[in-house]
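1. Sequence first, then the predicted structure:
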Amino acid sequence: MARRNYQRKKGKRRLKKMFLLSTEGTVTEPQYFSGFNSDTTVLHVRVIRNRGSSPEKVLREMKRYLREQDLQKDDEAWLVVDTDNWTDAQLTSLHQWSQKDRRYGLAVSNPMFEYWLLLHFEDGNAIASPQNCITRLKRQLPNYDKGIHREDVSSGITDAIRRAERKDTPACSDWPHNTGTTVYRLVKNIQKQ
């Protein structure tokens, strides 16, 4: 009787949970979130490279990616934007998308993502403008120029989450309309893994 050589077929099943992010920023946010990846983690953070920074473009790139590759049941897809000069209608469309599936999320910083970074070092009180936010962040990171080394902020993640949660009380249902950030919700989900 001839022996059959059985081999297991190689599938496309990933062993790591994926966090798919479409970010408004093209430098700071990808650098920050890619820092969660390592050989020892059970997750993978993938940041989509966007071709523009408007809320519409951030959402369009996410939808395009999701048409090409389905999320697995435990994966998460997040939009990460600032309030900047965007209208409530633009942000509402992102919020509505995030409500369509339990795996979708929206992380918004008001006035900008750098506010989330600032919370790694201080309470972030009395931030009146984006420039004020950058000035305060540069007190902590003197060489900051739209780029971040994860080591610069990694020791402050727990403090940033605590500070952001405290400012988000009661928790906003859509996005922070005053100075604040909901990026902590995404980071908490990443850290659960």
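-> Sure, I can see it.

2. Surely residue 50 touches residue 27?
-> No - the pair residue 50 and residue 27 does not pass the contact test of CB atoms under 8 Å, sitting 11.5 Å apart. Using the backbone N, CA and C atoms, a C-beta is placed for each residue, glycine as well.

3. Of all the residues in the lowest-mean-pLDDT helix or strand in the chain, which ones are buried?
-> Ranking every helix and strand in the chain by mean pLDDT, DSSP states H and E puts helix 150-153 at the bottom, with a mean of 84. Neighbour-count burial for helix 150-153, counted by 16 or more other CB atoms under 10 Å, picks out 152-153.

4. Output that helix as CSV, restricted to C-alpha atoms.
-> The C-alpha coordinates for helix 150-153 follow below in CSV (Å, rounded to 0.1, in the frame of the first residue of the first chain):
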residue,chain,number,x,y,z
ARG,A,150,7.7,55.8,21.1
GLU,A,151,10.4,55.7,23.8
ASP,A,152,9.7,59.4,24.5
VAL,A,153,6.2,58.8,25.6
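
5. packing partners for it?
-> Helix 150-153 sits against helix 28-34, with contacts defined as 3 or more CB pairs under 8 Å, 6 or more residues apart in numbering; DSSP states H and E.

6. which outside residues touch the helix it packs on?
-> With contacts defined as CB atoms under 8 Å, 6 or more residues apart in numbering, helix 28-34 is touched by 19, 21, 23, 45, 47, 49, 80, 113-114, 117, 146-150, 153.

7. at 6 Å instead, please
-> For helix 28-34, contacts defined as CB atoms under 6 Å, 6 or more residues apart in numbering pick out 21, 23, 45, 47, 80, 113, 146, 148.

8. Just name the closest of these to residue 180, please.
-> residue 113 (12.4 Å; CB to CB).

9. partner residues bridging the nearest residue to residue 16 once chain neighbours are set aside?
-> Nearest non-adjacent residue to residue 16, counting by CB to CB, 6 or more residues apart in numbering: residue 44, 4.5 Å away. Assessed by DSSP bridges, residue 44 has beta-bridge partners residue 18.
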